[in-house]
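>>> sequence and predicted structure, then a few things I'm wondering about:
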Amino acid sequence: MADYVSKKRPSMVWWCLVIALVTTPVPFSFALYIEGEVETFDNWIFLARFCFLSDIGRLRFEVEYPKSLATQNLILYYDEPDQWPSVYPTESVELKTCLEKESVLKPENHQVINLTTQYVWSGCILTKLDDNEQLRFYGDTEKYDCRAGRSFTSRRERWWYVALDNCNSTRGLYLKYKMTFTNGDDYWTKHFSADQFGILQTDIVFLILFGLMFFASLYIANGLHCRQLLHTTYKMFMAVIFFNMISMTLFIIFYADYASDGTPLQNVKMAALAFQAIADGVFLLMLILMGKGYTITRGRISHSGSVKIAVLMCIYTMLYAALFVYQVVIFDPGEVLYLYESPAGFALIGIRGICWLWFMYAIFFTLKHYPEKNLFYVPFFLFYTAWFVATPIMILIATYVFPKWWREKVMNVIELLIAFTAQLVFLIITRPSAANKNFPYHVRTSQIGVVNDPYGSAGNNVDAFEHHGYGNTILQNEGQVPNFTEMFAVTGSNRGPSNGYVVNGNTGTNSNSGNSSFIKNNGFMDPH
């Protein structure tokens with residue numbers, strides 16, 4: 001988080017968040033390819049879920065368990081209200097017992113895979129146990145070894161849920177398993193759940209777009225630097241694009257690896273989400289600072305204002321961290337949940353609402369004291385108010401309206417489009433062009449340090465710049481190449497009986513006769 005007074009580098013708070021999220025242990029994902037062991041005293045337990053396409057969706061499994069625990073079944077539920085939602089989660093549904101959970105199954109849908117030799121489609125055989133096998137713990141000398149698959153046919157993309165049960169068991173369940181979930185054989189779809197189709201391609205496209213925008217911002221930044229107009233807020237904007245590029249790169253690495261072998265690198269995904277959160281937080285901070293006039297009508301934020309902003313951003317950072325921790329630790333893999341479906345997620349929406357109110361409040365008082373800046377602040381207010389409102393609205397719609405079998409891929413496009421559009425608009429309204437009537441800056445970076453007036457005798461100081469029009473009026477010079485050395489000259493402070501002006505850090509004094517002159521690089525300008 002950039003310091004808005006002393007121009008320090010981004011705060012260690014952000015980097016601590018990145019390190020914490022990257023190094024957070026993440027449990028194995030319940031999707032694509034999974035393997036493990038189930039050992040429980042319950043007689044019904046959830047194993048995995050996947051969103052299959054009709055006809056090309058397929059489950060392959062390899063399982064084994066002691067013969068004495070027969071008969072165990074793999075149960076397949078789908079996402080209709082009378083199926084999975086009626087049996088899970090067990091704590092909040094009426095159908096709590098194993099037999100009650102089996103009662104919703106429809107025989108014609110072949111939802112039960114009996115893991116014994118009596119069911120030919122299960123691919124089970126009885127084999128002898130080796131002397132050192134863990135399964136001998138149950139006193140068995142034989143085990144069921146089952147290897148088979150199942151295809152899925154439905155009218156649309158559909159979530160399927162795999163559970164294990166043995167309603168007659170008094171000793172619980174044990175299963176050693178490997179499962180592979182696929183959608184066809186194409187690289188772009190095979191290991192992806194149907195609700196993730198197109199995410200990798202979308203991320204590649206937006207990485208290219210963010211990259212092009214970053215190079216455009218570098219070009220504009222070079223022009224601003226040459227004119228001594230490269231302010232902290234613009235540097236923050238460039239950092240936002242850069243963090244988004246890092247985030248998109250990590251997402252692409254995650255999904256490309258995911259597409260290859262079906263084993264997700266969850267820590268890479270968490271790092272991508274962390275950089276996305278940092279980009280969002282820095283952009284939010286930049287908007288609030290510019291709303292308060294920082295680098296536009298003032299050179300620094302008051303001490304009380306700095307403390308308030310620091311507290312707000314700390315809360316914002318902690319909520320984001322809590323959101324990720326909640327997702328890793330508390331989210332139930334048996335439910336299809338959106339990232340923001342948590343107390344931390346709704347608190348984050350609330351804090352964005354507070355930021356929006358502060359943003360509007362800050363712009364109101366900035367325009368009250370600097371009405372000539374309305375050419376910048378009016379469109380700035382209108383567009384970024386829409387930005388503040390759009391994200392929470394889309395989160396709520398995604399949570400409560402969008403079907404769960406395509407929510408993730410649609411929200412990925414919408415979130416990236418909102419972020420890209422917001423940054424593209426900022427790039428456009430801050431370009432130093434004679435045709436840009438919205439250009440906000442009128443004080444050079446080299447002048448901020450010399451406009452402070454400790455005696456208060458002049459109207460121009462670091463806490464309140466002098467009133468000034470826009471740079472585009474100065475850039476319009478009868479069709480000639482603009483003379484940027486004359487842009488945005490700011491009169492200096494009166495520190496005694498002499499009068500002076502500041503241009504690019506050079507001063508010129510007025511004579512007693514009232515004639516004044518400016519030192520202009522290698523020569524003198526005509527008196528004003």
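Looks like it arrived, so ask away. Residues are numbered from 1 along each chain as shown.
>>> going forward, measure contacts between C-alpha atoms and count neighbours the same way
Will do.
>>> ok, which stretches of this protein are strands?
33-40, 44-52, 57-66, 73-78, 112-114, 124-128, 142-152, 158-165, 173-183, 490-491, 500-503, 506-509, 519-520, 523-524 (DSSP state E).
>>> below-threshold pLDDT in this structure: ranges please.
1-31, 134-138, 434-435, 442, 446-528 (pLDDT under 70).
>>> domain map for this protein?
Following the assignment in automatic domain parsing, the chain carries domains at 12-27+191-429, 33-183, 442-528.
>>> so which of the strands of the chain is nearest L382?
strand 490-491 (29.7 Å; C-alpha to C-alpha).
>>> could I get the strands of the chain in a markdown table, plus columns for mean neighbour count?
Shown next, in a markdown table, are those (neighbours: other C-alpha atoms under 10 Å):
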| stretch | mean neighbour count |
| --- | --- |
| strand 33-40 | 15 |
| strand 44-52 | 23 |
| strand 57-66 | 21 |
| strand 73-78 | 21 |
| strand 112-114 | 21 |
| strand 124-128 | 16 |
| strand 142-152 | 19 |
| strand 158-165 | 21 |
| strand 173-183 | 21 |
| strand 490-491 | 21 |
| strand 500-503 | 20 |
| strand 506-509 | 16 |
| strand 519-520 | 16 |
| strand 523-524 | 10 |
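>>> so which of the domains of the chain comes closest to N436?
Nearest of the domains of the chain to N436, taken as C-alpha to C-alpha: domain 442-528 at 5.9 Å.
>>> got the contact list for L319?
344-345, 347-348 (C-alpha atoms under 8 Å, 6 or more residues apart in numbering).
>>> can you lay out the domains of the chain as a markdown table showing distance to N436?
A markdown table is the format used below for the domains of the chain (distance: least, C-alpha to C-alpha, whole Å):
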| stretch | distance to N436 |
| --- | --- |
| domain 12-27+191-429 | 7 |
| domain 33-183 | 48 |
| domain 442-528 | 6 |
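>>> rewinding a little: out of the contacts of L319, the closest to V240 would be?
L348 (19.2 Å).
>>> excluding chain neighbours, what is closest to the closest one?
L319 (6.1 Å; C-alpha to C-alpha, 6 or more residues apart in numbering).
>>> gap between Q196 and P333?
16 Å (C-alpha to C-alpha, to the nearest Å).
>>> mind listing the helices for the chain?
12-23, 84-87, 98-102, 199-226, 232-261, 266-291, 303-329, 343-369, 374-400, 407-429, 445-448, 471-475 (DSSP state H).
>>> could those helices go into a markdown table alongside distance to T153?
Below are those laid out as a markdown table (distance: least, C-alpha to C-alpha, whole Å):
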| stretch | distance to T153 |
| --- | --- |
| helix 12-23 | 39 |
| helix 84-87 | 17 |
| helix 98-102 | 21 |
| helix 199-226 | 24 |
| helix 232-261 | 23 |
| helix 266-291 | 30 |
| helix 303-329 | 31 |
| helix 343-369 | 35 |
| helix 374-400 | 26 |
| helix 407-429 | 21 |
| helix 445-448 | 65 |
| helix 471-475 | 63 |
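>>> circling back to that earlier point, more crowded one of Q196 and P333?
Neighbours were counted for Q196 and for P333 using other C-alpha atoms under 10 Å; Q196 has more, 20 against 16.
>>> picking up where we left off before, can you lay out the strands of the chain as CSV showing distance to V443?
Shown next, in CSV, are the strands of the chain (distance: least, C-alpha to C-alpha, whole Å):
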stretch, distance to V443
strand 33-40, 58
strand 44-52, 56
strand 57-66, 62
strand 73-78, 63
strand 112-114, 73
strand 124-128, 79
strand 142-152, 66
strand 158-165, 58
strand 173-183, 58
strand 490-491, 7
strand 500-503, 10
strand 506-509, 15
strand 519-520, 17
strand 523-524, 21
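>>> out of the ones you listed, which is closest to L323?
Closest to L323 of the strands of the chain, according to C-alpha to C-alpha: strand 44-52, at 22.5 Å.
>>> which residues touch L53?
Per C-alpha under 8 Å, 6+ apart, neighbours of L53: 152-154, 156-158, 183, 194.
>>> go again using 6 Å as the cut-off
E157 (C-alpha atoms under 6 Å, 6 or more residues apart in numbering).
>>> can you check T182 too?
Counted by C-alpha under 6 Å, 6+ apart, T182 has contacts 57-58, 190-191.
>>> rerun at 7 Å
Residues near T182 by C-alpha atoms under 7 Å, 6 or more residues apart in numbering: 32, 57-59, 190-192.
>>> distance of it from I414?
26 Å.
>>> who does E39 form a beta bridge with?
Per DSSP bridges, the residues bridged to E39 are Y174.
>>> hmm, it is touching Y174, no?
Yes: look at E39 against Y174 with C-alpha atoms under 7 Å: they come within range, at 4.5 Å.
>>> residue closest to the middle of this structure?
Nearest residue to the geometric centre of the chain (C-alpha atoms, centre = their mean): Q276, 3.8 Å.
>>> who are the contact partners of it?
243-244, 247.
>>> gap between stretch 296-316 and the chain center?
23 Å (C-alpha atoms, centre = their mean, to the nearest Å).
>>> report the buried residues of it.
Using 16 or more other C-alpha atoms under 10 Å as the test for burial, stretch 296-316 gives 296-301, 306, 309-310, 313-314, 316.
>>> before we move on, what about stretch 334-346?
In stretch 334-346, counting by 16+ other C-alpha under 10 Å, buried: 334, 336-342, 344-346.
>>> straight-line length of that stretch, end to end?
21 Å.
>>> distance between it and the chain's centre?
Distance, centroid of stretch 334-346 to centroid of chain: 14 Å (C-alpha atoms, centre = their mean).
>>> and for L375, nearest residue in space, chain neighbours not counted?
N438 (5.3 Å).
>>> I'd say that neighbour and I429 touch.
Yes: using C-alpha under 7 Å, N438 is in contact with I429, at 5.7 Å.
>>> quick one, which of these two is more surrounded?
N438 (23 against 17).
>>> one step back: wait, what's in contact with the residue nearest to L375?
N438 neighbours (C-alpha under 7 Å, 6+ apart): 375-376, 429.
>>> R155: what's its closest spatial neighbour, skipping adjacent residues?
R155's closest residue in space is S54 (C-alpha to C-alpha, 6+ apart), at 6.7 Å.
>>> same check, this time on F275
Nearest to F275 is S247, by C-alpha to C-alpha, 6+ apart, at 5.2 Å.
>>> report the contact partners of that neighbour.
S247 touches 272-273, 275-276, counting by C-alpha under 7 Å, 6+ apart.
>>> distance of it from G299?
Counting by C-alpha to C-alpha - S247 and G299 are separated by 31 Å.
>>> kindly report the same for L173.
68 Å.
>>> over to V87?
61 Å.
>>> next: A216.
In terms of C-alpha to C-alpha, A216 sits 26 Å off from G299.
>>> same check on R147?
Distance from R147 to G299, by C-alpha to C-alpha: 70 Å.
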